[in-house]
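> Build me a model from this:
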Amino acid sequence: MAVDERTPGKKLLIAVLIGALLAIPLFAVYLLVYDRQSQSQVARASIAEGWGGPQTIAGPVLVIPYQEQTTETVSEGGKQVAKTQTVWRELTLAPEQADLRTDLTPERRRRSIYEAVLFEAAASGTARFVLPADLARFGITQDRLFFDRAELRFGLRDARGLYGAPPAVTVDGVRLGLQPGKGSAATGGAGFFTWLDASPLRTRAIAASFRFTFRGNGWIALAPQAGDTRWTVTSKWPHPSFQGGFLPTAQQVSANGFNATWRVGNLALGRTLVSAGESAPDTRETPVGDRYDTSQQAGDYEARVDLISPVDLYSQVNRSVKYGFLFIGFTFMAFLMFDVIAGVRVATAEYLLVGAGLVLFFVMLLAFAEVIGFALAYILAAAAIVGLLTAYSAAVLRSWQRAGYIAALLIALYAILYVLLSLEAYSLLIGAILLFAALAGIMYLTRKIDWSGLRSATATD
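Presented below is the predicted three-dimensional model:
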């Protein structure tokens with residue numbers, strides 16, 4: 001029988017170097033998870049095509065055109081000449097009060113192994129407009145306003161999602177015809193508007209009511225503009241995520257759905273109810289690349305609710321990959337103990353094969369999770385790898401009993417990892433305690449090992 005001339009220290013160094021080398025395939029798995037997640041987002045966007053992307057509601061706002069004299073100095077024949085011309089401006093009046101309600105009906109749609117959460121929304125509300133008494137402070141007088149050319153504008157981020165009966169808008173009980181476009185900047189210019197005669201605004205407030213239905217994907221947001229905005233959202237979806245600069249003032253979430261109410265004032269928005277300036281362009285298209293992107297961050301001046309899936313398998317797989325070094329480290333340490341203490345030689349190639357099996361677990365977890373869900377995929381992948389490495393360990397360690405210890409270690413590691421993934425808030429605490437306990441156990445078992453081999457050499461001399 002050949003004598004193993006490697007010292008325990010050299011054996012430890014070999015195990016550490018192989019573990020470091022396995023960082024390359026672990027990083028490759030991390031990139032694979034990122035790539036599959038990107039493909040999933042593309043697939044979900046393709047499911048939403050023709051349905052509607054993430055939606056943002058804005059408005060209504062009342063826009064009244066007026067004329068203004070401007071003077072411009074130009075050079076003609078070497079002389080400076082002042083020219084006066086008349087230009088059109090717009091007075092934009094936000095409602096004094098707006099009450100909105102949105103009822104969401106969620107729906108899951110699948111294509112191959114991918115799933116998207118779509119929704120149908122029924123929006124309705126009222127808005128009250130008042131001409132400010134101090135209009136002159138803005139440099140505008142009523143006699144310059146063309147009330148008969150006023151427009152009531154509504155914003156909807158992806159107006160192609162409008163469906164069913166045409167939107168209904170009434171002002172003082174009179175239903176008005178609608179035209180496309182002229183949405184607000186918050187919706188990329190998308191939306192619809194109506195012409196109206198706002199002459200009654202000279203002496204009193206006018207009330208507008210509206211209702212429309214539309215489809216969307218992923219999330220719905222409101223860009224509040226009124227002096228006092230109330231927005232109520234109800235849905236049967238049990239997993240809402242409230243985002244944006246304004247959170248609900250009241251909310252109820254249960255297994256049967258949720259109900260949330262926002263209340264936002266213009267002081268919180270940091271804007272007045274009146275603004276004046278250049279005429280806005282008729283339309284401004286939302287970039288096509290962003291239309292179905294549900295991963296966009298919520299704005300600081302919007303209220304938003306995301307219809308999220310309770311389990312993000314790519315996030316969980318990604319987190320599990322980050323624990324890959326612990327699997328490799330503990331398993332290699334077990335083989336090293338059998339090598340150093342029990343005298344069972346473990347070759348470099350055998351370390352590599354065991355490490356490859358441990359890395360393969362994460363690939364199998366990702367592949368199965370996309371088809372059968374994370375929990376079942378975790379059990380299946382863990383059982384396969386435990387069985388494979390137990391059988392291989394029996395050959396390498398020349399004993400089924402020793403292989404049983406490896407199997408018990410792997411089962412404990414996979415069980416602990418699943419607990420860590422489930423208890424995200426306490427994962428660091430639990431992980432730190434377990435690492436301390438493991439390090440203490442290893443230090444105890446190896447306290448009498450001569451890692452350098454110098455003690456044996458001295459004793460022989």
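> What sits closest to residue 62 if chain neighbours are left out?
With C-beta to C-beta, 6 or more residues apart in numbering as the measure, residue 93 is the residue that lies nearest to residue 62, at 4.4 Å, once sequence neighbours are left out. Glycine gets a C-beta too; all of them are placed from N, C-alpha and C.
> and stretch 355-363, which residues are buried?
Within stretch 355-363, the residues that count as buried by 16 or more other C-beta atoms under 10 Å are 355, 357, 358, 359, 360, 361, 362, 363.
> What does the pLDDT read for the second one?
In this model, residue 357 is scored at 91, pLDDT.
> What is the subsequent helix or strand relative to the helix or strand residue 408 falls within?
Under the criterion DSSP states H and E, the helix or strand holding residue 408 is helix 400-422. Tracing the chain past helix 400-422, the next element assigned as helix or strand by DSSP H and E is helix 427-445.
> If we go by neighbour counts, what in that next one is buried?
Taking 16+ other C-beta under 10 Å as the neighbour-count basis, helix 427-445 is seen to contain the buried residues 427, 431, 434, 442.
> Dump it to CSV, restricted to CA.
What follows is the C-alpha trace of helix 427-445 in CSV, where atoms were taken according to Å, rounded to 0.1, in the frame of the first residue of the first chain:
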residue,chain,number,x,y,z
SER,A,427,-31.3,34.5,7.9
LEU,A,428,-28.2,36.4,8.9
LEU,A,429,-28.6,35.8,12.6
ILE,A,430,-29.4,32.1,12.1
GLY,A,431,-26.5,31.7,9.6
ALA,A,432,-24.0,33.4,12.0
ILE,A,433,-25.0,31.1,14.9
LEU,A,434,-24.7,28.0,12.8
LEU,A,435,-21.4,29.0,11.4
PHE,A,436,-20.1,29.6,14.9
ALA,A,437,-21.3,26.2,16.0
ALA,A,438,-19.7,24.5,13.0
LEU,A,439,-16.4,26.3,13.4
ALA,A,440,-16.3,25.3,17.1
GLY,A,441,-17.0,21.7,16.2
ILE,A,442,-14.2,21.7,13.5
MET,A,443,-11.7,23.3,15.9
TYR,A,444,-12.5,20.6,18.5
LEU,A,445,-12.1,17.7,16.1
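> Any stretches of the protein with poor pLDDT?
The chain contains residues with pLDDT under 70 at 1-6, 77-78, 278-292, 310-311, 424-425, 450-461.
> mind listing the helices for it?
Assigned by DSSP state H, the chain shows helices spanning 8-21, 23-48, 266-269, 313-321, 324-340, 348-372, 374-396, 400-422, 427-445, 454-460.
> Including distance to residue 236, could these go into CSV?
Below are the helices of the chain laid out as CSV (distance: least, C-beta to C-beta, whole Å):
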stretch, distance to residue 236
helix 8-21, 49
helix 23-48, 20
helix 266-269, 30
helix 313-321, 23
helix 324-340, 39
helix 348-372, 26
helix 374-396, 24
helix 400-422, 26
helix 427-445, 32
helix 454-460, 71
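> right, and these - which one's nearest residue 66?
Among those, helix 266-269 comes nearest to residue 66, with 22.0 Å by C-beta to C-beta.
> Need the contact partners of that closest one.
Here helix 266-269 makes contact (C-beta atoms under 8 Å, 6 or more residues apart in numbering) with 94, 224, 225, 226, 227, 228, 246, 272, 273, 301.
> run the last query once more with 7 Å
The contact list for helix 266-269, computed with C-beta atoms under 7 Å, 6 or more residues apart in numbering, reads 94, 224, 226, 227, 272, 273, 301.
> In it, which residues are buried?
Under 16+ other C-beta under 10 Å, the buried positions of helix 266-269 are 266, 269.
> For it, C-alpha coordinates in PDB please.
The C-alpha coordinates for helix 266-269 follow below in PDB (Å, rounded to 0.1, in the frame of the first residue of the first chain):
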ATOM      1  CA  ASN A 266     -51.200  69.500  -3.500                       C
ATOM      2  CA  LEU A 267     -49.000  70.800  -0.600                       C
ATOM      3  CA  ALA A 268     -47.400  67.300  -0.400                       C
ATOM      4  CA  LEU A 269     -47.000  67.400  -4.200                       C
END
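> ok, now which ones touch residue 58?
Applying C-beta under 7 Å, 6+ apart, one finds that residue 58 lies in contact with 155, 183, 184, 186, 187, 223, 225.
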